[in-house]
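> 3D, please:
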Amino acid sequence: PYTTLFRSRYCLIAMRTLGVFCISGVVSGLDNGLAVSPPMGWRSWNQFGLYINQSLVEAQFDVLVDRSRVVDGKLTSLLDMGYEHAAIDDGWQLCNSGPDGKGFHNASGYPNVDTSLFPDMAAMTAKAKGVGLKAGWYENNCHCSDHHWGTYDGLVSATIDYGFEGIKLDRSGLMSDAQK
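Predicted coordinates:
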């Protein structure tokens, strides 16, 4: 009887606590239309790893907006179903192009692009935007073993200059400290 009573009280306390958290979550939640569903899209790393180039990425944009699929009797694209993000991961950088032949950032911290693979980043992001996608990229990397990474100012400037609408930072390499 004592263990049953203890379990009953414990369950009652747990249910009340859970109820308070649920109610407070509803009360303090924002209704601003952002993140109604999780961000959905395509990222180059999942299929191609380091072996990417601008033509291949732009071809993936075309696949995301292609309406050759039929869903509920209607021609539908992945974009129509909410897959609006398309991003390049590791593999776009010009390794060993930084000061003293290290890293992939110039002396000002701006990232150096391997233009033999990505001849025009701004045109690529413009294509994505033109078909309704949000282009993103990956700044810190493992590919170049960059231990002399750039600056957040250089990163932000390049993101704006190239027209990217999203960025992935994941604590890889030395960019694990956002305070620097």
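> Out of the helices and strands in this structure, which is least certain?
When each helix and strand of the chain is scored by mean pLDDT, DSSP states H and E, helix 2-28 comes last, with a mean of 53.
> packing partners for the helix or strand following that helix?
As assigned by DSSP states H and E, the chain's next helix or strand after helix 2-28 is strand 40-43. Applying 3 or more Cβ pairs under 8 Å, 6 or more residues apart in numbering; DSSP states H and E, we find strand 40-43 packed against helix 54-65, strand 83-87, strand 134-138. C-beta here means a position set from N, CA and C on the backbone, and glycine is covered the same way.
> What are the buried residues along strand 40-43?
41-43 (16 or more other Cβ atoms under 10 Å).
> Identify the residues contacting the next helix or strand after it?
Counting by DSSP H and E, the next helix or strand C-terminal to strand 40-43 is helix 45-48. Residues from elsewhere that reach helix 45-48 (Cβ atoms under 8 Å, 6 or more residues apart in numbering): 56, 89-91, 138.
> run the last query once more with 6 Å
Under the criterion Cβ atoms under 6 Å, 6 or more residues apart in numbering, residues residue 89 lie in contact with helix 45-48.
> Backbone torsions only: list them for residue 73.
Dihedral pair for residue 73: phi 80, psi 10, per degrees, to the nearest 10.
> Can you get me a residue count around residue 153?
11 (other Cβ atoms under 10 Å).
> quick one: secondary structure of it?
helix (DSSP: H, G, I helix; E, B strand; the rest coil).
> How much space separates it from residue 108?
8 Å (Cβ to Cβ, to the nearest Å).
> what's the answer for residue 139, then?
Distance of residue 139 to residue 108, computed by Cβ to Cβ: 15 Å.
> Between the two, tell me which one has more neighbours.
residue 139 (26 against 11).
> Near the spatially closest residue to the more buried one that is not a sequence neighbour, how many other residues are there?
Excluding its sequence neighbours, the residue lying closest to residue 139 (Cβ to Cβ, 6 or more residues apart in numbering) is residue 155, at 5.2 Å. When neighbours are defined as other Cβ under 10 Å, residue 155 has 21 of them.
> Correct me if wrong: residue 155 contacts residue 138.
No - counting by Cβ atoms under 6 Å, residue 155 stays clear of residue 138, with 10.9 Å between them.
> one step back: quick one: closest of the helices and strands packed on strand 40-43 to residue 77.
Smallest distance to residue 77 across those (Cβ to Cβ): 4.9 Å, for helix 54-65.
> quick one: that closest one to strand 134-138, angle?
Helix 54-65 and strand 134-138 are oriented at 140 degrees to each other (axes from the mean of the first three to the mean of the last three Cα atoms, to 10 degrees).
> gap between the residue nearest the centre of the chain and residue 90?
Centroid-nearest residue in the chain: residue 168, 4.4 Å away (criterion: Cα atoms, centre = their mean). Distance of residue 168 to residue 90, computed by Cβ to Cβ: 10 Å.
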